[in-house]
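Novice: need a structure here:
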Amino acid sequence: MFLRQLEPRTARTNSEVLNFALWPFAVMTAIHQIFVMGTNFNVTDDFAPVYKASLAFLHGHAIYNDNVNLTDPHYLYPPGGTLVIAPLAFIDPMHSKWCFVALNAVAIIIAWYLMLKLFKLSVKHWAAPLTLLLMFASETVINTLAFGNVNGCVLLAEVLFIVLLIKRKDLWAGAIMGLTLTVKPTLAPMLLIPLLRRQWKVFIPAVGVPVVLTALALPLIKDPMDYLRRTLPYSIQARDYFNSSIPGTAAYWGLPSPLVWAIRIAMGVLVAVSIWLLYRYYRNDEVFFICTSTGVLLVGEYLISGLGQQYYSMTLFPFLMTIALRNSVLRNWPAWLAIFGFTTYDKWLLDHWQSLGRDLEYLRITFGWGLLLIVTFCVLGDRYLAARRDGRLGTGIDPLFLLPERGAAPLPEVTDPVPGTVDERESLEEDDDLSAVAEPERSVAR
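Specialist: Predicted structure coming up:
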């Protein structure tokens, strides 16, 4: 059956044309990033300090003794994370990195498939190769594989957490989050989502797993207190290199502290208001609420915290996938201008106008994150004001063109799909209209 799918034939529909054109690009781009970028030499090597620390842990040597005054990548994982990644040093560095790159590549592909299922898109639909192509052509995937970073595993953990939250498998969701936080606390703001949804059981393993792994690791590490004295303070400070957060950008350009705090507070207000509007009016639309809230929280983290790097944007993929929902906040060109800023692999350095080139290259990520947050706030705010003006806040804030026609039966409020029914979004895989992927019906309380 699989080989039959590869049989050369002429496309008869628009959907087949796009599938036949996009799949070769998607597959070959993924192969290139994994086998070429992932194995070739790169000046930046995030994996080297991880392997060095794992080897030191297995031999009982000091781990947290890096000279943090250098700009080379440093080992920042906490003691519990060191215990988790220690098996990497069982083999030689080169093969260990290749295995690590392969693990992250597989994690990215599994996350891609789960996101398709989450948004009711079939692998046979042309959106499947398009999303795979865009993911592997992005800076975040290219540099994650080239540098040997763990971001691919973090993305998979994030998607699994979202899926398990929606399925109400709270303990498993918490365990996934707890394991992720043990190694890299990037997804910590997402814990606000189960808190708002009152899924209290999530917090038992989400807190318990890091505590247990840390307790197991501390007696095995020669210098555990150096993590608190040296590594942790360095990891939370705003350094002025390889840092696209507001504090990091301000440190590079020497902006005054009051201005920096004013911008950070303003962005924090946008995050808070956006989350309130999402919770107040969209919490029953689970996929939209969780994925959009995740994007808002993580963008806010990367902007406001002390460290935000471009390849962290991989964790925004579930948010970007909400473009498949009719009520998405991303269905406008400013949102995708912002997304271009922090996802593209392009370099904007200019030989003839070096100052301008540096400004464009170093600011596009920060401005992209900031613009995306502003767009989300403005879309939600505009919907709220329009609904209040029309006197329909009690029924939600979706724009009028998304509402059922007058006289039509109201959408049912159910927590699970009715067996035997077909979700409107599933019809996309059979639709040849090129705009169909952008028009699935809004799912209520899925």
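Novice: now the helices for the stretch 101-250 of the chain?
Specialist: For the stretch 101-250 of the chain, the helices defined by DSSP state H, counting those that start in this stretch cover 127-136, 139-147, 151-166, 170-183, 192-196, 203-217, 224-226, 232-236, 246-253.
Novice: which residues touch the residue lying closest to Met314 once chain neighbours are set aside?
Specialist: Excluding the flanking residues, the one nearest Met314 by CB to CB, 6 or more residues apart in numbering is Thr140, at 4.1 Å. (Each C-beta comes from the backbone N, C-alpha and C, glycine too.) By CB atoms under 8 Å, 6 or more residues apart in numbering, the contact list for Thr140 reads Asn151, Gln310, Tyr311, Tyr312, Ser313, Met314, Thr343.
Novice: can I get the helices of the stretch 101-250 of the chain in JSON lines with mean pLDDT?
Specialist: Below are those laid out as JSON lines (pLDDT from 0 to 100):
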{"stretch": "helix 127-136", "mean pLDDT": "96"}
{"stretch": "helix 139-147", "mean pLDDT": "95"}
{"stretch": "helix 151-166", "mean pLDDT": "97"}
{"stretch": "helix 170-183", "mean pLDDT": "96"}
{"stretch": "helix 192-196", "mean pLDDT": "97"}
{"stretch": "helix 203-217", "mean pLDDT": "95"}
{"stretch": "helix 224-226", "mean pLDDT": "87"}
{"stretch": "helix 232-236", "mean pLDDT": "83"}
{"stretch": "helix 246-253", "mean pLDDT": "92"}
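Novice: who wins for proximity to Tyr51 among those?
Specialist: Closest of the helices of the stretch 101-250 of the chain to Tyr51 is helix 139-147, at 12.8 Å (criterion: CB to CB).
Novice: What would that closest one look like as CSV? C-alpha coordinates only.
Specialist: The C-alpha coordinates for helix 139-147 follow below in CSV (Å, rounded to 0.1, in the frame of the first residue of the first chain):
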residue,chain,number,x,y,z
GLU,A,139,15.8,28.7,12.0
THR,A,140,14.6,27.0,15.2
VAL,A,141,14.7,23.5,13.7
ILE,A,142,17.8,24.0,11.7
ASN,A,143,19.9,25.4,14.5
THR,A,144,18.4,22.9,17.1
LEU,A,145,19.8,20.1,15.0
ALA,A,146,23.0,21.8,13.9
PHE,A,147,23.9,22.9,17.5
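Novice: just the angle between it and helix 127-136, please?
Specialist: Counting by axes from the mean of the first three to the mean of the last three CA atoms, to 10 degrees, helix 139-147 points 60 degrees away from the direction of helix 127-136.
Novice: returning to what we had before: show me the one of the helices of the stretch 101-250 of the chain that comes nearest Val43.
Specialist: Closest of the helices of the stretch 101-250 of the chain to Val43 is helix 139-147, at 9.5 Å (criterion: CB to CB).
Novice: From the chain's centroid, how far away is that closest one?
Specialist: Put simply, helix 139-147 sits 14 Å off its chain's centre (CA atoms, centre = their mean, to the nearest Å).
Novice: go on, stretch 383-391?
Specialist: The answer for stretch 383-391 is 31 Å, by CA atoms, centre = their mean.
Novice: What residues sit buried inside that stretch?
Specialist: Buried residues in stretch 383-391, counted by 16 or more other CB atoms under 10 Å: Arg383, Tyr384, Ala387.
Novice: Surely the first one touches Ile397?
Specialist: What that stands for is Arg383. Yes: under the criterion of CB atoms under 8 Å, Arg383 makes contact with Ile397 at 4.2 Å.
Novice: Now list whatever residues contact both of those two.
Specialist: Residues touching both Arg383 and Ile397 (CB under 8 Å, 6+ apart): Leu277.
Novice: number of nearby residues for Leu325?
Specialist: For Leu325, the count of nearby residues is 24 (other CB atoms under 10 Å).
Novice: one step back: could you export the contacts of Thr140 as JSON lines, including secondary structure and distance to Ala215?
Specialist: Formatted as JSON lines, the contacts of Thr140 follow (DSSP: H, G, I helix; E, B strand; the rest coil; distance: CB to CB, whole Å):
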{"residue": "Asn151", "secondary structure": "helix", "distance to Ala215": "27"}
{"residue": "Gln310", "secondary structure": "helix", "distance to Ala215": "35"}
{"residue": "Tyr311", "secondary structure": "helix", "distance to Ala215": "31"}
{"residue": "Tyr312", "secondary structure": "helix", "distance to Ala215": "28"}
{"residue": "Ser313", "secondary structure": "helix", "distance to Ala215": "33"}
{"residue": "Met314", "secondary structure": "helix", "distance to Ala215": "30"}
{"residue": "Thr343", "secondary structure": "helix", "distance to Ala215": "39"}
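Novice: got a winner among these for most neighbours?
Specialist: The most crowded member of the contacts of Thr140 is Ser313, carrying 28 neighbours; neighbours defined as other CB under 10 Å.
Novice: gap between that one and Phe203?
Specialist: According to CB to CB, to the nearest Å, Ser313 stands 27 Å off from Phe203.
Novice: And Val183, by the same measure?
Specialist: In this view, Val183 and Phe203 are 18 Å apart by CB to CB.
Novice: out of the two, which sits in the more crowded spot?
Specialist: Counted by other CB under 10 Å, Val183 and Phe203 do not tie: Val183 has more neighbours, with 21 against 16.
Novice: From Leu70, how far off is the residue nearest to that one when sequence neighbours are not counted?
Specialist: Setting aside the residues directly before and after it, Val183 is nearest to Gly81 in space (CB to CB, 6+ apart), at 3.9 Å. Here the distance between Gly81 and Leu70 works out to 22 Å (CB to CB).
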